[in-house]
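Q: Task: produce atomic coordinates for the following.
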Amino acid sequence: MRFPHAYKGVTKLLIGQILTFMTSVLIAAGVLIMLAAKRNSVEDVLLGMIVLAGTALVKCVALVLEMIGLMQARKDDKTFLLAFLIAILSLLATIIKPFLSARFPVVSGWMEVSDTVARLAIVEITVSAVRSFAKQLEDAEVYFLASRMQIAITILWVFIALLTLYRITPMMLAGTAEIISYVLTAVAEILVIYFLWKARKMLKRKKEETTDS
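A: Numbering: from 1, shown residues only. Purely as a prediction, here's the structure:
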């Protein structure tokens, strides 16, 4: 197998991305519950807060899995090391964000923007590395997909970052911006999951071909 470490790393990145998608769904559910709370019902608001708080643990698990995957993959491509360092910063931000949200809402909002930028950077590095693997393995399908993914994901995350900025400024109704932002985030994460699944299949296929030969 030409890239055994990349195969193991991409597998963990795929699992981590699926968990990240789950956190996006949970966050959206929590926000919708709080927005739909009738007359600021204490029960509904509390339920929304519990759902939002529960996502922090899932997100931390996802980030840890991603960091392990990036550390494994870097043995086959050194560019994954940069993504690993960015993931560490993102994990630290995720841990301290709940403590800042209550007292410093604006700071928390900017941390969310930085988290979005960090996610974009990690995805871009991963897609670029997989594209390099596809070129070396002469897999035209994944190489072409990686090229298109870089454009699509960049556009989506730029919109998400802008919407996040709107949510911490009076330029747009917070509820509207949050809903649009979470929908775009879900679309971006589904695309990443699909791409990682295809990348894993490519690396696994080459592994089996190498074993057979």
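
Q: low pLDDT regions in this structure?
A: Along the chain, the model assigns pLDDT under 70 to residues 1, 28-45, 47-49, 51-52, 98-112, 164-179, 206-213.

Q: Where do the strands of it begin and end?
A: Using DSSP state E, no strands are found in the chain.

Q: Buried residues in stretch 147-164, which are they?
A: 149-150, 153, 156-157, 160-164 (16 or more other Cβ atoms under 10 Å). In this view, the C-beta of every residue, glycine as well, is placed from N, C-alpha and C.

Q: Filter those residues down to the ones in helices?
A: Here DSSP state H is the test, and the buried residues of stretch 147-164 give 149-150, 153, 156-157, 160-164 as lying in helices.

Q: Just the CA trace of stretch 69-88, in CSV.
A: In CSV, the C-alpha atoms belonging to stretch 69-88 read as follows (Å, rounded to 0.1, in the frame of the first residue of the first chain):
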residue,chain,number,x,y,z
GLY,A,69,-6.3,11.3,11.8
LEU,A,70,-4.3,14.3,10.7
MET,A,71,-1.3,13.1,12.8
GLN,A,72,-1.5,9.7,11.1
ALA,A,73,-2.0,11.1,7.6
ARG,A,74,1.0,13.5,8.0
LYS,A,75,3.3,10.5,7.8
ASP,A,76,2.4,10.3,4.1
ASP,A,77,2.0,14.0,3.5
LYS,A,78,3.6,16.7,5.7
THR,A,79,1.0,19.3,4.8
PHE,A,80,-1.4,17.5,7.2
LEU,A,81,0.8,18.8,10.1
LEU,A,82,-0.4,22.4,9.5
ALA,A,83,-4.0,21.2,9.6
PHE,A,84,-3.2,19.4,12.9
LEU,A,85,-1.9,22.6,14.5
ILE,A,86,-5.1,24.4,13.3
ALA,A,87,-7.2,21.7,14.8
ILE,A,88,-5.5,22.1,18.2
